[in-house]
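Novice: Could you work out the structure for the sequence below:
(4 chains, ligands or ions: 6)
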Amino acid sequence: MEKEIIYLDEITVRFAGDSGDGMQLAGKQFSDASASSGVDVNTFPDFPSEIRAPEGTLYGVSAFQIKLGSTAVNTHGDEIDLLVAMNASSLKVNLGNLKVGGIIIANLEGFDSRNLKLAKYSSNPLEDGSLKKYQVIALDMEAIIKEELKTSGISPKIVKKTKNFFALGLTYWLFNRPMEATVKWLNAKFKNDADMLEANIRVLNAGWNYALKNEDFKRQYNLQPAKFEKGNYRNISGNHAVALGLVVASKKANIPLFLGTYPITPATDILQYISGYKKYGIRHLQAEDEIAGIASAIGASYGGNLAATTTSGPGLSLKIEAIGLAVMTELPLVIVDVMRAGPSTGLPTKPEQSDLYQAMYGRHGEAPLPVLAAASAADCFNMTVEAARLALKYMTPVILLTDGYIAQGTEPWRIPELNELPDLTPNFATDPDRFAPYVRDPQTLARMWAVPGMQGMEHRIGGLEKQNITGAVSHDPENHQKMVEIRQEKINRIAQDIPNLEIMGSPEANLLIIGWGSTYGAIKSAVDAISREGKKVAYVHLRHINPLPTNLATIVGRYKEILVPEMNLGQLKNILQARYLIPMIGMNKVQGIPFKTSEIKAKIEELLSKEEAQL
Amino acid sequence: MEKEIIYLDEITVRFAGDSGDGMQLAGKQFSDASASSGVDVNTFPDFPSEIRAPEGTLYGVSAFQIKLGSTAVNTHGDEIDLLVAMNASSLKVNLGNLKVGGIIIANLEGFDSRNLKLAKYSSNPLEDGSLKKYQVIALDMEAIIKEELKTSGISPKIVKKTKNFFALGLTYWLFNRPMEATVKWLNAKFKNDADMLEANIRVLNAGWNYALKNEDFKRQYNLQPAKFEKGNYRNISGNHAVALGLVVASKKANIPLFLGTYPITPATDILQYISGYKKYGIRHLQAEDEIAGIASAIGASYGGNLAATTTSGPGLSLKIEAIGLAVMTELPLVIVDVMRAGPSTGLPTKPEQSDLYQAMYGRHGEAPLPVLAAASAADCFNMTVEAARLALKYMTPVILLTDGYIAQGTEPWRIPELNELPDLTPNFATDPDRFAPYVRDPQTLARMWAVPGMQGMEHRIGGLEKQNITGAVSHDPENHQKMVEIRQEKINRIAQDIPNLEIMGSPEANLLIIGWGSTYGAIKSAVDAISREGKKVAYVHLRHINPLPTNLATIVGRYKEILVPEMNLGQLKNILQARYLIPMIGMNKVQGIPFKTSEIKAKIEELLSKEEAQL
Amino acid sequence: MKTLLDEIISKPHIGSIVYEPKDFKPDVDVRWCAGCGGYSILSPVQRIMPELGIPKEKIAFISGIGCSGRFPYYMDVYGFHGIHGRAIAIASGLKIGRPDLSVWVATGDGDNMSIGGNHFIHGCRRNTNINVIMFNNEVYSLTKGQYSPTSHKGQITKSSPLGALDEPFNPAALALGAGATFVARGIDKDRNHLQSLFERAAAHNGFSFIEVYTNCNIFNDGAFDSFTKKDVREDQTVMLEHGKPLVFGKERDKGIIIDGLNPRWYRWWTVNTPWTTCWCMMKKTARSHSYWAI
Amino acid sequence: MKTLLDEIISKPHIGSIVYEPKDFKPDVDVRWCAGCGGYSILSPVQRIMPELGIPKEKIAFISGIGCSGRFPYYMDVYGFHGIHGRAIAIASGLKIGRPDLSVWVATGDGDNMSIGGNHFIHGCRRNTNINVIMFNNEVYSLTKGQYSPTSHKGQITKSSPLGALDEPFNPAALALGAGATFVARGIDKDRNHLQSLFERAAAHNGFSFIEVYTNCNIFNDGAFDSFTKKDVREDQTVMLEHGKPLVFGKERDKGIIIDGLNPRWYRWWTVNTPWTTCWCMMKKTARSHSYWAI
Ligand SMILES: Cc1ncc(C[n+]2csc(CCOP(=O)(O)OP(=O)(O)O)c2C)c(N)n1
Ligand SMILES: Cc1ncc(C[n+]2csc(CCOP(=O)(O)OP(=O)(O)O)c2C)c(N)n1
Ligand code: SF4
Ligand code: SF4
Ligand SMILES: [Mg+2]
Ligand SMILES: [Mg+2]
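Specialist: Numbering: from 1, shown residues only, chains lettered A, B, ... in the order given. Ligands and ions are numbered 1, 2, ... in the order given. Below is the predicted model of the structure:
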């Protein structure tokens, strides 16, 4: 049969089904296969907060979305081009985001009367004509699989579990993706279960073959590989990138890594990755709670390790007191907060950017520290290394903010060489004769790091105010003022040691957008789209929030209007206004879901048209 | 012998001695006696952080300062007029604050060679002429007491313990104070120890008589009673005022008080006062830690009590997560933070204003709540009642900030009638048919309070985001945005329900001072002094920091310069700048000691003279 | 003097307080996984509620975070879904502030033994009259499968790919060491026994702790099979009842006897098998009896 | 591969490691009150340090907040004065990250049993090789005299003017219930006995817990007089030593005997007097011996 090949620049695919349907797995395999064939990929898993919600329900839908592109892809896609819907509920909750003209691959069995009822459909959408704006390909996966496995002697129970690989086979055909990596993965996964292995491989091929032969599948899609900087790439989630960043930073700094932490969604993966790296000599403690997590990390830092603790909002709240201790003792510590929607337990599986205030101002007393934010999944690696650099160089705890969106979403990440990374050599004390606990580097104001085991430098530190230089407990008023100011000044000076902001889009525009954190993808895409349309908007993205890059002061002074989109009620905006005394416009989405490119674009257009109207 | 009587408007007295010398007690008796004779009184105890530091050392000095006035007294006095110095160390550490021409009453025995050595004096200041700028009255108290008690048969061991009452007797004579109250107090205190009782009373009288007869004591000081609003007054510390505020608020609201807390300096007194009120049906739990303290208070609030928790910085840090829960469940809760110098353990016995950021911004997620600050010891009562009012009316946790200075210092407080207090009637749900957990009052946006025990209103609340009105767990994006905005709006609306700021000093000045918290006394005194000198400065003092009083927006727009004195690095300044986008001048003393009136005055003068220079 | 609150809570109940278990089922879907051991706790709890003989509005269920944390949503009484580890602290405040209520806590092995360990031991010591039901599935389920303080040494979980390193707590031993006055253990598979434990806990005037071995069929399936499966059960468990002999085994031919030592305060025994170690103990204090059974 | 840290910590010690106690005294004033029991802990600790046979720089003392929290300042080794209740957590991280160090914790009954209770029980369970000395003065001293979780029922303190309401913890019972492998108790008045306990704790390869009854002569003076004063002491305390008979009393005529029950795991006895209840116990686990004495 003759099939058409469509050449595309980008496309968004979403696998959706019941929690038990294995959609996360299918999505992950598909995105890895795509990434390895050189296109740019950005993914986002989207699953219910229930562990295993009742079958077929609307709230039990689990989905995985992938955007592919032959040019840079910054988000997981506003709208879906191709939706794999394993049951009625998964069609219902995702239809709103499907592009007019988009493709639906529907699994017929998931649209039986029971499923339709659970999805609260009064009639079958596959039959009642309500989907005529879309291209619908409906097929009974289970029947086809049964047919395929008939001769294999594999039990029908297994059939149910392989549907996702059938759907995967279909999509592999649609995008003409190589299947070797997936087969290899199956071999590893089912090395002790020959039946499952055979069944999955056969079903995967069956999917491909079905699409190849069936006339409902008329078109194949071709995306040219994206132009990447040369190097080895790996499709990586933000949490994975943080874990690797910690490991690599400890290698580069040439001191052991210690992670003291407590599980919490959506940060738990970091602990899980690290616990898998035990063989690399990494020490970690899954502590009894967040307080013990950070306290143990402080102990390990005191002992000369690169110490880290990872958490999400509720956990960060519990760590606050101990963070103050790290500030006071001036010990290096990387604190990673994977933000989720709050307050309190909030929407624990959903992303938000609302811990910025806490990171900046959360502690009692004057307790300044650097605050960083990663812009994307891959950027989590860079910013983790940056957090380690600042922590070690300035002897300070550092808070790195990521969020559930980039923590769980993936994109290709170029694996760097160790020598590309910044110098991370710790500032260990060397000379006992010149050592005192609060002798400082005149440049960075960092104190020296003398760790137990160093002869002749035995000393005491702690949470009480200490005399400058000597480190003796001191209640002297002037000394306290001095120490408070030094601790502040030390953090302020970091501004001299971080890159200036680069203005993206059109620097000569009237409108400036200031973004931070995971909104990067959506803003960048919107700014690019606006620029392509010949309109002007400038964009800077903050990775360092405390201290702010030095050139931001002049930048903000140059624009007539400044827009600050954030997934909170205006926390960065407030911080910037206090600093620069310039009014800014907030754009505040607090819904537990990321901005869409189209939303940002519409806001920019609204502001630009007002601007024009005023001319 | 003829004695001169000097008429004064104000005077500052400081009792200083070793930690074991009973100076706190003498000071307290003296200030209570003064207050009861109608002068205005402001006191501040100043003791070492060691429980009982080694005798005679410089860091072991314990002091109690009292300022008396026949007009309003706002601080405990910048400089000392009369210093009682029981030993060499107590002279040394306090001399710097003694006015030229001031009086020193020195206890000779405390200036023996051992004491001089401990005080690091190379020669005896009482003899080497170094005190000639002052009026020195040196006497051997112990010898005089021994002489006095010789006939009494009281053991010499007791003599040592009564020195403070001798010094007190001297000062009672100096100010012609009635001694009945002190005698009464002694009777109660030593009701089971006749020897101590007799000894103390005799020694007290001996002090008076010594001064009366001895020619070194030439002058008596007379202060006219201050003009107070009519009523019953009581000399009260801020901590005591908070405790009484809680008790009275619960009476007025007509629901029981529950205090869940954990001891911490300088907030522990509140717990101690409350534990003494058990007979009034007050429930309290000295919990295992701060987290259990606030969590139990949340439980009690859920059960319909007026719930409170009290702490200082490190404890506030630990309560952060649970505060978020109270925000989310919209339960009334009074959180009192008696600020001390941070970060971390810091200078635990010293005051600071550096928890403002944490109170405003400390929580993860968008978790707004009202933040109040008391201006003086007596004001702690008003602001505690105000905190309870807002908590109950708006169904929200409220943070009230006080600090170690006003918490431990005292001033006269007029005991109010219950009917003078604002209405505190809780917003209990009444009609099960119209009840749902998040049905709100259209005016205040507060939800109704349905407590276990109310039939037909059984419902579930918790830390997960809830659907508006129904209170069902909800992950709906739009609902989350709406709830986040409602919680913010509810707090914002409180601005309509708090008094406008009153401008003190000269409203028509060019310079405005904005103060908050315990700096009130020093700023007010400075502003009054400046005004008396015919110069112009305006002053507003914030008791409500979140939300800010509505008229502040217009006020800040009216002045050329705004000065914000704070005992931190500029936290209020930053908050105001972010809000009003107007540059302000920070005055930041972070030394664990309060501002002096003279410091503020000097700063005002500096700014005013610059202003003139620019004319 | 009667406060406004007193007035509210002393309003007479309108109508009968003769309930059926279904009166305690609210109109929401139970969102635990199919097959979760949690269902086996929910149903006996709902069954004993009518026996309390008190109006529904006088009952409150407090929870922390974890799969067990959802419990209050499934009980049509007053409910508070707190934060991780703090259920006992919240419940203690509620009970102290409202002694008229029947206060229950639903918690998990992570919630209660890990982050909430301090409130747990202080609860045991303080002996406030609340009833704590701990869903012990020996894993963190809600966060998708990390080891907990009750996970056995060597247990493979997502955060212990090479096996958990530490000795687990024995929750009952910890509770007794902390001074608990009522300690019991049951298992999800035996709902009738659970029901009897819940009844006795409710009757105990003080802090009651009931640990329930709860199967998590997603993250730790079969954790208790070695002593609960039909074929081994009789030989691996001892039912411990106050005053009754410690006889066990399919043939009722095994037993534990103590003599010689005057058991004025404590008796401890152990039954050790290759698969599992079960502690059996019985405690009688001046304040109350406590019951503990496997 | 050797890291930079490995290099630093494996540098050979220059000079002798034959120390005297005074080598561990730094040049600062000890700021406890005159007469404080703390001095009686400091001195035996300084005495056993030379016996460890390791360089001073390999020793670290970690503390929380309380009068005991000042301990690190009084030891001329590495010291960390942490925050309230977290000493064991900090020390655990230090020991896991730096197994080459000898890590000690100084804590108080409030620090360790109240706010720090969770880290304490998890320390017992986890059995990380650190040595914890708890100054039990049965009161919060640094905050000037409130009751603590070890204050006896009825104790009058600033926060319990009518007497403390709750049963106290028995720290040793709690530690054993939590799985501790070394539990000991001593008293400030008997420095030699303390010294021997500290020696054994140092030798124990795992978590060691030494509770020391420590007199606070300011806020709880004489708390332990009823069984430590010269005239009653012999009749009120049992020295418990592994393998030795439990004989006590002035005339060595009183004793505790166990027979009949095979003490494979635990033995518990109690000595009950009108003034105080002292628990005596001995535990032998597969992992180690533990010693506990009054
Ligand atoms: C402060 C805080 N830390 C961590 C979490 C994440 N968290 C939620 S439930 C849980 C563990 C639950 O384990 P368990 O109590 O055994 O409950 P289960 O799900 O097994 O019933 C954790 C770590 C949280 N919600 N809050
Ligand atoms: C987070 C925190 N909460 C409370 C305090 C106040 N605080 C300091 S020491 C202490 C209790 C000390 O009691 P204990 O551990 O028995 O020590 P002691 O002074 O009796 O030796 C308290 C409550 C604090 N410093 N930090
Ligand atoms: S994950 Fe486990 S514990 Fe949680 S609901 Fe499912 S089966 Fe039950
Ligand atoms: S207050 Fe008590 S415990 Fe603290 S140093 Fe003084 S005597 Fe020792
Ligand atoms: Mg569990
Ligand atoms: Mg103590």
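Novice: any chance you could map the strands in the stretch 101-250 of chain C?
Specialist: Taking DSSP state E, counting those that start in this stretch, the strands of the stretch 101-250 of chain C run over residues C:102-108, C:131-136, C:182-187, C:208-213, C:246-248.
Novice: Please see if the first one touches ligand 5.
Specialist: When you say that, I think you mean strand C:102-108. Yes. Strand C:102-108 lies within reach of ligand 5 by C-beta under 5 Å from the ion, at residue C:108. C-betas here are computed from N, CA, C, even on glycine.
Novice: helices and strands of the chain: which one has the lowest mean pLDDT?
Specialist: In the absence of a named chain, chain A is used. Scoring the helices and strands of chain A by mean pLDDT, DSSP states H and E places helix A:156-161 at the bottom, with a mean of 80.
Novice: my bad, chain C
Specialist: strand C:289-290 (a mean of 29).
Novice: Residue A:435: neighbouring residues, count only.
Specialist: Close neighbours of residue A:435, defined as other C-beta atoms under 10 Å in any protein chain shown, add up to 17.
Novice: For ligand 6, what's its nearest residue on the stretch 301-450 of chain A.
Specialist: Going by C-beta to the ion, ligand 6 is nearest to residue A:321 of the stretch 301-450 of chain A, at 20.3 Å.
Novice: can you confirm that residue is in a helix?
Specialist: Yes. Per DSSP: H, G, I helix; E, B strand; the rest coil, residue A:321 lies within a helix segment.
Novice: what's the helix or strand for residue A:310?
Specialist: strand A:306-311 (DSSP states H and E).
Novice: Direction included, what does that strand pair against?
Specialist: strand A:257-261 (parallel), strand A:333-339 (parallel) (DSSP bridges).
Novice: so where is chain C shaky, pLDDT-wise?
Specialist: For chain C, applying pLDDT under 70 flags the ranges C:1, C:241-247, C:254-294.
Novice: From the recorded domain assignment, give the ranges for it.
Specialist: Following automatic domain parsing, one gets these domains for chain C: C:4-236, C:246-293.
Novice: Pull the distance from stretch A:267-274 to the chain's centre.
Specialist: Distance of stretch A:267-274 from its chain centroid, counting by C-alpha atoms, centre = their mean, to the nearest Å, is 13 Å.
Novice: show me what contacts the most centrally placed residue in chain A?
Specialist: The centroid of chain A falls nearest to residue A:406 when counting by C-alpha atoms, centre = their mean (1.6 Å). Residue A:406 makes contacts with A:237-238, A:351, A:374-377, A:379-380, A:517-518, as judged by C-beta atoms under 8 Å, 6 or more residues apart in numbering or on different chains.
Novice: for residue A:553, same thing?
Specialist: Counting by C-beta under 8 Å, 6+ apart, residue A:553 has contacts residue A:580.
Novice: Okay, and it sits in which element?
Specialist: helix A:552-557.
Novice: circling back to that earlier point, how far away is the residue of the stretch 301-450 of chain A closest to ligand 6 from ligand 2?
Specialist: In this view, residue A:321 and ligand 2 are 6 Å apart by C-beta to the nearest ligand atom, to the nearest Å.
Novice: And for that residue, nearest residue in space, chain neighbours not counted?
Specialist: Beyond its immediate neighbours in the sequence, the residue positioned closest to residue A:321 (C-beta to C-beta, 6 or more residues apart in numbering or on different chains) is residue B:317, lying 3.8 Å away.
Novice: if I look at that neighbour, how far off is chain C?
Specialist: Residue B:317 sits 16 Å away from chain C, going by C-beta to the nearest C-beta, to the nearest Å.
Novice: next one: residue A:505
Specialist: For residue A:505 relative to chain C (C-beta to the nearest C-beta), the value is 40 Å.
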